[in-house]
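K.L.:
predicted model and sequence below, questions to follow.
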Amino acid sequence: MEKKKGRGAGGVAIGGVAALAVVAALLGSGKLGFGSGLGLGNPAEATEKEDAVVETVEQETPTEAAQADGIEIRVQGREYNYQNVSYGNAEHPLEELLELLEELPKDTRINLVVEDNATKNAVDELEGSLQAAGFRDIHK
């Protein structure tokens, strides 16, 4: 029987060294996304990032927003949703919503959006509370 000739340990070692040389060359050239500094950072880039401009976005106050088109309160079940907060529950009672609305002029248009699952008692309670607080321009 004849022995098959294979690569042996020498062939595997040479292949491994060649693969490491390719990886090292790619790392050094920045082709693998690590950059030439191997991710250690560049002090010049750090100061550029520190000097970046931060833009501040001002939000409208409830009074400014109400003067434009009025406000919208959604009645869902037994709760009232105003500015992405649900009122009429243990965490945010209806009184908290009414205190927030006290900042608005009394002639502010209030649009009540009554969802299908809204209870009649919830709608009546909100409408009555708004009227008692002095709001007259209420629309359903």
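P.N.:
Sure, I can see it. Residues are numbered from 1 along each chain as shown.
K.L.:
just give me the neighbour total for the residue nearest to Tyr87 when sequence neighbours are not counted.
P.N.:
Nearest non-adjacent residue to Tyr87, counting by C-beta to C-beta, 6 or more residues apart in numbering: Leu97, 3.9 Å away. In this view, the C-beta of every residue, glycine as well, is placed from N, C-alpha and C. Residues lying near Leu97 (other C-beta atoms under 10 Å) number 23.
K.L.:
also Phe135?
P.N.:
Count around Phe135 with other C-beta under 10 Å applied: 21.
K.L.:
any idea which element it lies in?
P.N.:
Following DSSP states H and E, there is no helix or strand that holds Phe135.
K.L.:
Gly88 is in contact with the residue nearest to Tyr87, correct?
P.N.:
Yes: with contacts counted by C-beta atoms under 8 Å, Leu97 reaches Gly88, the gap being 7.4 Å.
K.L.:
anything in contact with each of these two?
P.N.:
Taking C-beta atoms under 8 Å, 6 or more residues apart in numbering as the contact rule, Leu97 and Gly88 both touch Tyr80.
K.L.:
ok, now which ones touch the residue nearest to Tyr87?
P.N.:
Contacts for Leu97 (C-beta under 8 Å, 6+ apart) come out as Ile73, Tyr80, Tyr82, Tyr87, Gly88.
K.L.:
for it, give me the pLDDT.
P.N.:
pLDDT for Leu97: 96.
K.L.:
can you check Gln76 too?
P.N.:
96.
K.L.:
quick one: neighbours of it, just the number.
P.N.:
By other C-beta under 10 Å, 17 other residues sit near Gln76.
K.L.:
and Gly88, by the same measure?
P.N.:
Gly88, neighbours per other C-beta under 10 Å, totals 21.
K.L.:
repeat for Asp69
P.N.:
Neighbours of Asp69 (other C-beta under 10 Å): 9.
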